[in-house]
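>>> next one to model:
(chains A, B, C and D)
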There are 2 protein chains.
Amino acid sequence: MTTPAQGLHSHVLATLGLAITAGEYPPGTVLRTDELAQRFDVSRTVVREVVRVLESMHLVESRRRVGVTVLPTASWNVYDPQVIRWRLAGADRPRQLRSLTVLRSAVEPVAAGLAATHATPEQCRELTEHALGMVATSRGRRLEEYLVHDIAFHRVVLNASGNEMFARLGDVVAEVLTGRTHHHVMFEDPDPAAVTLHVQVAEAVRERDAARAEELTRQIAVGALQELDVLAP
Amino acid sequence: MTTPAQGLHSHVLATLGLAITAGEYPPGTVLRTDELAQRFDVSRTVVREVVRVLESMHLVESRRRVGVTVLPTASWNVYDPQVIRWRLAGADRPRQLRSLTVLRSAVEPVAAGLAATHATPEQCRELTEHALGMVATSRGRRLEEYLVHDIAFHRVVLNASGNEMFARLGDVVAEVLTGRTHHHVMFEDPDPAAVTLHVQVAEAVRERDAARAEELTRQIAVGALQELDVLAP
DNA sequence: TGTGACGTAAAAGTAGTACTTTTAATTCCC
DNA sequence: GGGAATTAAAAGTACTACTTTTACGTCACA
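Numbering: from 1, shown residues only, chains lettered A, B, ... in the order given. Okay, here's the model as predicted:
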């Protein structure tokens, strides 16, 4: 069982993509289109379309007379949301979670700084709302509700930065936060210090204090990294 | 004339991808596969494969009975190197250059800090080598040679960070630096202050001084951003 | 024995056609 | 006028036939 699979293309793509990113086919493995067609019981047409997509993600390379070769991790489009999802669902989830968290620690403080100067009143309002939401749900095992606010908070910050590259990391952050919550010891409530920091970030943005927003977000990031070290040293 | 075009698929993909990212088809525009097949004088098979790839980049969306709809910029996979190249080659090159530079300013300092603790002796050597190369070519209109060292330098830093997400930004940085050089007033030599900073970063990494490497790289980034403000206010 | 030209076959690439499925839009009935 | 049935348009899938590239093995020649 892999994915719902409405549409043959989606199904084959999901299956193959997941298998490759999970390392089931070591780099250099050669697949042949009609072999795949047979294996999945679909036409070569469908397989070819899938291969073209995998090729655009640089997961495989297709060469005449050779076949479809699986490429090493180093050439993968690791920023492709689809690739990220596959990897988070597969074997090297911890590694992926760590590298994404490091990326966050670089990007989010800068994004917060920019948000302080660019955020619209509406965005400021949303920020405050979600920060307060986090406070409200930070105790009593309400992790799922907390997560919703946490994700929304960070998404607003990234969007408010006014930089489209940052904005597009919203989904990535959502994945990371979700992954983290669901793999935690679910007994403990979120770190109160982190909650406070979120409230303060919202404050700083509202007050147009870029330096403070950046610094506070940096502290949140440090916390996230430390947490990761404790969980997976 | 758009691209060399070895292979029908590549040609159609390049043409369509470029046109869409250049905004020639406003979001919501509907294309039909057999119309495209006719226009490019290729089979529908080829067009379908191209559409599937564009779909995986979230440039378009294909729906039955409707056709292939061009999606708004907000949904594009802006981290896809191919999309980045298309956008840099097209109309909103300045915007793209700016958002990428902001991304760099967030990522590279952190990467440099990590590099200071993770760089191998070989990487330290390369770093120093390229920094000195930059010094050597920083005067006398040797911009192309300078560029090679500049790109190599930043690539080594990103790789040495040990984070695969950072490492994969090497190509992006290369594109940005190349774009900047080629669109500058080519009369002036690179900023001497920047050159010095690169040498110092190499030094800091060699001495395992993470904080200093990070701070110095941050200064390089600030310089790049200011430069951008002067050029395209 | 080594080397280079050559031929072969295997696999991807392309084309075209026939058919299925979904679904927007129109029609028609109540 | 609103909702159900019909229709047709476009993508999705399959299959088959053919073209092009090219890795690999063969064989001749030095």
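
>>> now the helix or strand where residue A:101 lies and helix B:93-118, what's the angle there?
Assigned by DSSP states H and E, residue A:101 falls within helix A:93-118. Compare the direction of helix A:93-118 with that of helix B:93-118 by axes from the mean of the first three to the mean of the last three C-alpha atoms, to 10 degrees and you get 130 degrees.

>>> now do the SS call for the residue sitting nearest the centre point of chain A.
Centroid-nearest residue in chain A, with C-alpha atoms, centre = their mean: residue A:172, separated by 2.4 Å. Following DSSP: H, G, I helix; E, B strand; the rest coil, the label given to residue A:172 is helix.

>>> show me what contacts it?
Residues in contact with residue A:172 (C-beta atoms under 8 Å, 6 or more residues apart in numbering or on different chains) are A:81, A:84, A:100, A:103-104. Where you see a C-beta, it was placed from the backbone N, CA and C, and this is true even at glycine.

>>> let's see it at 10 Å
Going by C-beta atoms under 10 Å, 6 or more residues apart in numbering or on different chains, residue A:172 touches A:79, A:81, A:84-85, A:88, A:100, A:103-104, A:107, A:158, B:79, B:165.

>>> could you confirm whether the helix or strand just after the helix holding residue A:101 reaches chain B?
For helix A:93-118, the following helix or strand on the C-terminal side (DSSP H and E) is helix A:121-136. No: judged by C-beta under 10 Å from any C-beta of the partner chain, helix A:121-136 makes no contact with chain B; its nearest approach is 15.6 Å.

>>> follow-up on the earlier one: now do the helix holding residue A:101, average pLDDT.
In this model, helix A:93-118 has an average pLDDT of 96.

>>> list the buried ones in it?
By 16 or more other C-beta atoms under 10 Å in any protein chain shown, the buried positions in helix A:93-118 come out as A:96-116, A:118.

>>> next secondary structure element downstream of the helix or strand of chain A with the lowest mean pLDDT?
Least confident helix or strand of chain A, by mean pLDDT, DSSP states H and E, is helix A:170-182 with a mean of 91. Next along the chain after helix A:170-182, taking DSSP H and E as the criterion, comes helix A:192-206.

>>> which one of the contacts of residue A:172 is nearest DNA strand D?
Comparing the contacts of residue A:172 against DNA strand D with C-beta to the nearest atom of the strand places residue A:81 closest, at 19.3 Å.

>>> isn't the closest one up against residue A:175?
Yes: counting by C-beta atoms under 10 Å, residue A:81 does reach residue A:175; the two are 8.1 Å apart.

>>> look up phi and psi at the residue lying farthest from the centre of chain A.
The centre of chain A is farthest from one residue, residue A:65, which by C-alpha atoms, centre = their mean lies 37.0 Å away. Dihedral angles of residue A:65 (phi, psi; degrees, to the nearest 10) stand at phi 70, psi -10.

>>> please apply the same query to residue A:60.
Backbone torsions of residue A:60, given as degrees, to the nearest 10, read phi -140, psi 170.

>>> chain center to stretch A:167-175, what's the gap?
For stretch A:167-175, the separation from the chain centroid amounts to 5 Å (computed by C-alpha atoms, centre = their mean, to the nearest Å).

>>> also stretch A:205-219?
23 Å.

>>> please apply the same query to stretch A:166-179.
Offset of stretch A:166-179 from its chain centre (C-alpha atoms, centre = their mean): 4 Å.

>>> now that stretch: buried residues?
Going by 16+ other C-beta under 10 Å, stretch A:166-179 has these buried residues: A:166-170, A:172-179.

>>> for stretch A:200-208, same thing?
A:200-206.

>>> what's the answer for stretch A:119-133, then?
Buried-residue list, stretch A:119-133, by 16+ other C-beta under 10 Å: A:119, A:123-124, A:126-128, A:130-131, A:133.

>>> give me the contacts around that stretch.
Contacts of stretch A:119-133 (C-beta under 10 Å, 6+ apart): A:112, A:115-116, A:145-146, A:148-157, A:159-162, A:195-208, A:213.

>>> so which of those also contact chain B?
A:159, A:161-162.

>>> quick one, domains of chain A?
A:8-75, A:92-231 (automatic domain parsing).

>>> which one of these lies closest to DNA strand C?
domain A:8-75 (3.8 Å).

>>> contacts (any at all) between chain B and that closest one?
Yes: applying C-beta under 10 Å from any C-beta, one finds domain A:8-75 in contact with chain B at A:9, A:13, A:45-46, A:48-58, A:73-75.

>>> mind giving me the PyMOL select for the residues you listed, buried ones only?
Filtering the residues of domain A:8-75 next to chain B down to the buried ones (16+ other C-beta under 10 Å) takes a single PyMOL command:
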select buried, chain A and resi 9+13+46+48+49+50+51+52+53+54+55+56+57+58
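
>>> any stretches of chain A with poor pLDDT?
Across chain A, the ranges flagged by pLDDT under 70 are A:1-5, A:185-187, A:232-233.

>>> look up how far residue A:7 lies from residue A:161.
Separation of residue A:161 from residue A:7 (C-beta to C-beta, to the nearest Å): 36 Å.

>>> what about those two, which has more around it?
Neighbour count, other C-beta atoms under 10 Å in any protein chain shown: between residue A:161 and residue A:7, residue A:161 has more, with 27 against 10.

>>> tell me the spacing between residue A:184 and chain B.
Distance of residue A:184 to chain B, computed by C-beta to the nearest C-beta, to the nearest Å: 22 Å.

>>> same check on residue A:163?
Separation of residue A:163 from chain B (C-beta to the nearest C-beta): 5 Å.

>>> you'd agree that residue is up against residue A:112?
No: Residue A:163 is not in contact with residue A:112 according to C-beta under 10 Å; the separation is 11.7 Å.

>>> overlap of the contact sets of those two?
With C-beta under 10 Å, 6+ apart as the test, residue A:163 and residue A:112 reach no residue in common.

>>> which residues touch residue A:102?
Contacts of residue A:102 (C-beta under 10 Å, 6+ apart): A:221, A:224-225, A:228, B:107, B:110-111, B:114, B:161-166.

>>> the same query, at a cut-off of 8 Å, please.
Under the criterion of C-beta under 8 Å, 6+ apart, the neighbours of residue A:102 are A:225, B:110, B:114, B:163, B:165-166.

>>> nearest to DNA strand D among the ones next to chain B among the contacts of stretch A:119-133?
Nearest to DNA strand D among these, with distances taken as C-beta to the nearest atom of the strand, is residue A:159, at 29.8 Å.

>>> show the contacting residues for residue A:151.
Taking C-beta under 8 Å, 6+ apart as the criterion, residue A:151 is in contact with A:173-174, A:177-178.

>>> just those residues now: which is nearest chain B?
Within the contacts of residue A:151, the smallest distance to chain B is 12.8 Å, found for residue A:173 (C-beta to the nearest C-beta).

>>> how much space between the closest one and residue A:108?
With C-beta to C-beta as the criterion, residue A:173 and residue A:108 are 8 Å apart.

>>> give me the common contacts of these two.
A:154, A:158.
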